[in-house]
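Asker: Sharing a model prediction with you, sequence too.
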Amino acid sequence: MTAAKDEAIRAAADRLIEAFATGEPTDPIRDSVPDMTLDDAYEVQVLVEQALVKTRGAVVGRKIGLTSKAMQEQLGVDSPDFGFLTEDMMHYGDSTVLAENFISPKVEPEFAFKLNKRLAGPGVTREDAVAAIESVHPAIEIIDSRVRDWNIRLVDTVSDNASCGAVVIGSEPLDVDPNNLMPVACSIVIDGKQIASGTGADVLDDPIAPMVWLANILGERGVAMNAGDIVIPGSFTAAQVVESGSTATADFGELGSISVTF
C-alpha cells in the first residue's frame, strides 16, 4: 500500500468516526480513497473499530449483512459483508431507543446467536458452527448509515461497519433447533401493521451459512469469535424505514417476539 493510499484510508476512517460522534452524515467513502478495494474498506472498518471501542465499549459480537439475494444484486456482490457489535450497541428485551441517536434508521428482523465456545477459522464447518450456538434469540437490527442519504456501494457500507446502528435482542431464547432454522418464519410489524415476512431460508438459504462464512473470513485475519459473543446472521426481510414514535416488532409467532420503540 502506498503512503498516499494509507493516508486516504486513515482520513476516511476519521470522517466516519466523526460522523459516529456527531450524528452528522458524511459523503460517500468511495470518493475519497483512490481505486478503493474491499480490502481497503475493511482497513477503514478496523480503524473505526479501534476508535469506537474507546468510547462505546468492547466488541461483544459480530453482524453479517448482505445475506439476501436482493441486497446482493442491489450492490452488485455475491457474498455477505460483516461488522462489529460494541457493548453500547446492544439492547436486551423490549426496548426504547432515541431516534435522534441515529441518522437514518431502518429495522431488520433477525435471529441472534449466543455462542457457548470459541469459534475460529479457517476450516470451520456447519457442524462446528451449530455446536458453538448456546441459544437462538429473536432480534431486531437497527441499521443506520453514516453516509449521507444511504448513497452507498459495497465499499461504503463495509467501511461504515456494515451500516450497523444497534441491536435489540430478546432476553428469552426461541424454542428452535439451531440445526434446522430454515423453516422458522418471522414478520416485521411496524405500529401494528405487518410490513414484510420471511423464513430462515431467506438468510443465505440457511442462517448457519453466514456464520460459517464469517468464522472463516475472520480466521484469515487472525480473529476469532468467543464464548458469550452475539452473532446476528442477516435479515429475514428487506430493511424497513422507521420514524420517531414508531414501534417495530420482529414477530416469530408462537415462538416469541422482540420490539423496539423509537
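Answerer: Cool, got the structure. Numbering: from 1, shown residues only.

Asker: Can you give me the neighbour number for the spatially closest residue to residue 203 that is not a sequence neighbour?
Answerer: Nearest-residue entry for residue 203: residue 234, 4.5 Å, with adjacent residues in sequence omitted and distances by C-beta to C-beta, 6 or more residues apart in numbering. For every residue, glycine as well, the C-beta is placed using N, CA and C. Neighbouring residues of residue 234 were enumerated by other C-beta atoms under 10 Å; the total is 24.

Asker: do the one 4 residues further on as well
Answerer: A count of neighbours around residue 238, defined by other C-beta under 10 Å, yields 16.

Asker: and the gap between the residue nearest the centre of the chain and residue 194?
Answerer: By C-alpha atoms, centre = their mean, the chain has its centre lying nearest to residue 63, at 3.3 Å. Counting by C-beta to C-beta, to the nearest Å, the gap from residue 63 to residue 194 is 24 Å.

Asker: what do you get for residue 224?
Answerer: Counting by C-beta to C-beta - residue 224 and residue 194 are separated by 38 Å.

Asker: These two: which is more packed in?
Answerer: More neighbours surround residue 224 than the other of residue 224 and residue 194, with 14 against 11 (other C-beta under 10 Å).

Asker: Pull out the buried residues from stretch 70-88.
Answerer: Across stretch 70-88, burial judged by 16 or more other C-beta atoms under 10 Å covers 71, 72, 75, 80, 81, 82, 83, 84, 85, 86.

Asker: Name the residues that touch it?
Answerer: Outside of stretch 70-88, the residues within contact range by C-beta atoms under 8 Å, 6 or more residues apart in numbering are 45, 49, 52-53, 56-67, 152-154, 157-158, 161-164, 167, 204, 210, 213-214, 217-218, 230, 232, 234, 238.

Asker: Report the buried members of those.
Answerer: Applying 16+ other C-beta under 10 Å to the contacts of stretch 70-88, the neighbour count classes 45, 49, 52, 59-67, 152-154, 157-158, 161-164, 167, 204, 210, 213-214, 217-218, 230, 232, 234, 238 as buried.

Asker: In helices, which of the residues you listed fall?
Answerer: 45, 49, 52, 154, 157, 158, 210, 213, 214, 217, 218 (DSSP state H).

Asker: correct me, but the last one touches residue 121?
Answerer: Yes. Shown here, residue 218 and residue 121 form a contact pair, counting by C-beta atoms under 8 Å, at 6.2 Å.
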